[in-house]
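Visitor: I'll drop the sequence and a predicted model, then ask my questions.
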There are 2 protein chains.
Amino acid sequence: MNILYDERVDGALPDVDKQALLQALQTRLPNLQVLHQREELKPYECDGLSAYRTTPMLVVLPRHIEEVQGVLRVCHELHVPVVARGAGTGLSGGALPLEKGVLLVMARFNNILHIDPAARTARVQPGVRNLAISQAAAPFGLYYAPDPSSQIACSIGGNVAENAGGVHCLKYGLTVHNVLKVDILTVDGEHLNLGSNALDAPGFDLLALFTGSEGLLGVITEVTVKLLPKPQTAKVLLAAFDSVEKAGRAVGDIIAAGIIPGGLEMMDNLAIRAAEDFIHAGYPVDAQAILLCELDGVEADVSDDCERVRQVLQQAGAIEVRQARDEAERVRFWAGRKNAFPAVGRLSPDYYCMDGTIPRRELPGVLHAIAELSKEYGLRVANVFHAGDGNMHPLILFDANQPGELDRAEALGGKILELCVKVGGSITGEHGVGREKINQMCAQFNSDELTLFHAVKTAFDPGGLLNPGKNIPTLHRCAEFGAMHIHGGQLPFPELERF
Amino acid sequence: MNILYDERVDGALPDVDKQALLQALQTRLPNLQVLHQREELKPYECDGLSAYRTTPMLVVLPRHIEEVQGVLRVCHELHVPVVARGAGTGLSGGALPLEKGVLLVMARFNNILHIDPAARTARVQPGVRNLAISQAAAPFGLYYAPDPSSQIACSIGGNVAENAGGVHCLKYGLTVHNVLKVDILTVDGEHLNLGSNALDAPGFDLLALFTGSEGLLGVITEVTVKLLPKPQTAKVLLAAFDSVEKAGRAVGDIIAAGIIPGGLEMMDNLAIRAAEDFIHAGYPVDAQAILLCELDGVEADVSDDCERVRQVLQQAGAIEVRQARDEAERVRFWAGRKNAFPAVGRLSPDYYCMDGTIPRRELPGVLHAIAELSKEYGLRVANVFHAGDGNMHPLILFDANQPGELDRAEALGGKILELCVKVGGSITGEHGVGREKINQMCAQFNSDELTLFHAVKTAFDPGGLLNPGKNIPTLHRCAEFGAMHIHGGQLPFPELERF
């Protein structure tokens, strides 16, 4: 069974009269750019999860909020589904278009509206790139903390929709912790402000509810983010271990010692060798695992913490602990990590990047279990991930041209995610559910919980027109997929018992 | 018009057959303690907002989750509203009982279930007192950060329901930022887990939605909180100013300098004198305002930051900056602040404590405007508040025995909250909406926003049985109260134009 791609969602949508829709849009919004020829639509057929492709019925590229509002109203009247999209860098297919729907591209809303250094906030349009906010804030000594690896390209609207993370989220939080206010348009084009510029907003916390809702509740038209002062200094330690389990335990030890690193990343031998071949970062290629631990803050504090972390690492059995001697070496250490995905990509024609979280204390056991699963499925798995917050990114190496390998990779990926759920974790850390993990949601949640999700969705979008088929599976889909929910210690998957 | 007390909510509820309900509870839950005699019910007629009193129809004091579940199921079947209550220390009447409803007291769920020092979490029952968590975590060098002034008595379930704050929330966040997982029972007694032990949970963020929902969405049965390592050291600076506006500006300057104090509190002359008379904290009684700024962390870092804050304060025009010479003086400085409310209570037979937030940059102007309003209404106002996060607590002094003074105090309080909304703030910082501020919600939100709140409420509680009449006003109520919503710069209240 191919659990990755599933056309039923699109198939189940009612048919749309494309010509009537096109005419309504062109009549009501004469200045709106609408793409409707097959060759124009092709570039929009996928987001960052390129294994999933669907040609959208129409693509609209509005320039003004009024045009977005107009598109939503027309689609609402004609009952046409709408998928909003930012830069299209998402890794879970959250912006995958619909054959019977409009793709609403918000990329042109790319203005930074206001930086307030005193309040330490930036008010930006949704198409502004993540890194562009930090660049604009730099003259004030400020930056925007969440830093997905795609930060050079990904846009803040997508970051909010997916509750994006990054290397520094261990210390500085996910997108939800760094956003003050989001302006949205509802499915019928009403303007709403969620959150406020003040400490707290009364009523239900719709801002947090909206963050990470993957385009199911509304379309983002403006975002106000918090900015942080740039740390005075940052130092990085590299620790080598002769087993991944020891490295996994060291992660918990650092946190238990009361230290919160700016970043705490782990790579296993396969990832180390790949990165070293590609970047020449100076990694110890014989180590079974390395940890990169960055400490940031004021000078005295950071020096003090470096000493404490070094002691913890040595007690945890590190065979070597090195501190980057200078800024150049620090940058090199990180370059290896940041290029680990493309580096692993050189090892194999294809790889499948997973994204699950687990409680930190489960790291040693889960790393061991992944190694066992890797043997069982006959596919190599490289581990390179945000160890500090238990956010794993196993990369499953395969060759799509070898018959059966894609299916095996998908099946192995599914097992790894179910394992994450079993140990108290979740099926996504920072990439979102999107289309990719919609079946795994049946493992994460029971039918009461899913019913509540649908009720919340209905509160915002009674007709189900916003990004249907993503994020929240129907109960029907879960029933078809099988009663996967792991509940009260009852394991429907006996093969997981050994962990 | 008396905007504080409003009996219409109870009046609008359908009648309940008290005997039938009592019998159903006693039959189905023979071990459940049920109070139903008038004299037994009396102690439960109010929470911390004692100006509002209603005798509940019945009080239940369950000891086991199954009893809570049973109560909810019986009430659901008989269509009886339920108000859940923790320690009853809330200041906005969120746990005010209903004449036609059951008061569900969760105080007996007071066990700390598990402290996990490695994961830095505590799993506790909802009736556990806030301070008891920190006490239990102390042997591990850990503590629970949010610290409402009532922390010796208030319980964590109430903290979650109200999204409670405290002195240290500027640096460490509100309750929502310090909670990992909440187990709830729905209105019909279904068990749900919101959040997870891992970094992030997929699907909609129902944990954040639930936090601060004031008992409208479910009943809390268990809470997992994050614990933090106790800071190595804490130092406090006291700065005196000859005007409240200058002190207000200094608050913004400290934050803009990139420093996040553990606490940053402000008191005006009336509060300073009251506290000094009561506690002898060593405050400068001639100052128009003082700031207390606590810096915590590792020794070197804190010393460094103290110097920087001192410079900022002097540049902002402080007439005196003192650092507490030793721990005894530091504790004395805080004792004055922490006892400021009772100290102000000695100045006047009654006072009315407001709770609004504003963007920090608005502090000087809003403090000025409050002084003007104080003159206009002929009532003294003492200001003592969490300045760092713009969370104001104006204390309006009045004598309820003087005809008209209560009405004037309420009217003045309403004006202050509307002013908070007007400058981009909110009508509550940490005390919640409850019954007290339900009318001001009409000023904070427009009818589209309120409609969305009701739709979300309906997703959890279609029959509206959980804590009706709190937190979210009906559109009908807002229409009766007057079209207060301040929108798009259009001010329905011309008397506010001068600010």
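Guide: Received the coordinates, thanks.

Visitor: residue ranges with poor pLDDT in the stretch 1-150 of chain A?
Guide: Scanning the stretch 1-150 of chain A for pLDDT under 70 picks out the ranges A:1-11.

Visitor: all the strands of the stretch 1-150 of chain A, residue numbers only.
Guide: Counting by DSSP state E, counting those that start in this stretch, the stretch 1-150 of chain A has strands at residues A:33-35, A:58-61, A:82-85, A:102-105, A:112-116, A:121-124, A:142-143.

Visitor: would you mind listing the outside residues contacting the shortest one?
Guide: Under the criterion C-beta atoms under 8 Å, 6 or more residues apart in numbering or on different chains, residues A:115, A:117, A:120, A:133-134, A:137, A:227-230, B:258 lie in contact with strand A:142-143. Every residue, glycine included, has its C-beta placed from N, CA and C.

Visitor: centre of the chain to that strand, how far?
Guide: 22 Å (C-alpha atoms, centre = their mean, to the nearest Å).

Visitor: what strands line up against it, and which way round?
Guide: Here strand A:142-143 has these sheet partners by DSSP bridges: strand A:228-229 (antiparallel).

Visitor: just after the strand it pairs with, pick out the following helix or strand.
Guide: strand A:233-241 (DSSP states H and E).

Visitor: what does the stretch 151-300 of chain A put close to chain B?
Guide: Residues of the stretch 151-300 of chain A lying near chain B by C-beta under 8 Å from any C-beta of the partner chain: A:163, A:165, A:169, A:173-174, A:176-177, A:186, A:190, A:192-193, A:196-206, A:208-209, A:211-213, A:217, A:229, A:252, A:255-256, A:258, A:297-298, A:300.

Visitor: in strands, which of the residues you listed fall?
Guide: The strands, defined by DSSP state E, take in A:192-193, A:229, A:297 from those.

Visitor: quick one: the helices in the stretch 51-200 of chain A, in order.
Guide: A:65-78, A:130-137, A:156-162, A:169-172 (DSSP state H, counting those that start in this stretch).

Visitor: tell me which of those helices sits most buried.
Guide: Mean neighbour count (mean count of other C-beta atoms under 10 Å in any protein chain shown) peaks for helix A:156-162 among the helices of the stretch 51-200 of chain A, with a mean of 31.

Visitor: so which residue is smack in the middle of chain A?
Guide: Central residue of chain A (C-alpha atoms, centre = their mean): A:H431, 2.0 Å from the mean position.

Visitor: thought that residue was touching A:G93?
Guide: No. Contact status for A:H431 versus A:G93: not in contact, 9.6 Å apart, counting by C-beta atoms under 8 Å.

Visitor: quick one, domains of chain A?
Guide: For chain A, automatic domain parsing gives the domain ranges A:8-105, A:112-229, A:233-339, A:345-496.

Visitor: please report how far the nearest residue to A:L227 once chain neighbours are set aside lies from B:S134.
Guide: In space, A:L227 comes closest to A:L142 once its chain neighbours are excluded; the distance is 4.0 Å by C-beta to C-beta, 6 or more residues apart in numbering or on different chains. A:L142 sits at a distance of 33 Å from B:S134 (criterion: C-beta to C-beta, to the nearest Å).

Visitor: kindly report the same for A:I220.
Guide: Separation of A:I220 from B:S134 (C-beta to C-beta) stands at 38 Å.

Visitor: could you do A:A289 as well?
Guide: In terms of C-beta to C-beta, A:A289 sits 36 Å off from B:S134.

Visitor: equivalent analysis for A:F385, please.
Guide: Taken as C-beta to C-beta, the span from A:F385 to B:S134 is 32 Å.

Visitor: apart from its neighbours in sequence, what residue is nearest whichever residue of the stretch 1-150 of chain A sits closest to chain B?
Guide: Nearest residue of the stretch 1-150 of chain A to chain B (C-beta to the nearest C-beta) works out as A:A118 at 4.6 Å. Distance criterion C-beta to C-beta, 6+ apart; nearest residue to A:A118, sequence neighbours excluded, is B:A256 at 4.6 Å.

Visitor: number of nearby residues for that neighbour?
Guide: 20 (other C-beta atoms under 10 Å in any protein chain shown).

Visitor: over to A:T474?
Guide: Neighbour tally, A:T474, other C-beta under 10 Å: 18.

Visitor: do you know the pLDDT at it?
Guide: We have a pLDDT of 89 for A:T474.

Visitor: list the contacts for it?
Guide: A:T474 makes contact with A:H454 under the criterion C-beta under 8 Å, 6+ apart.
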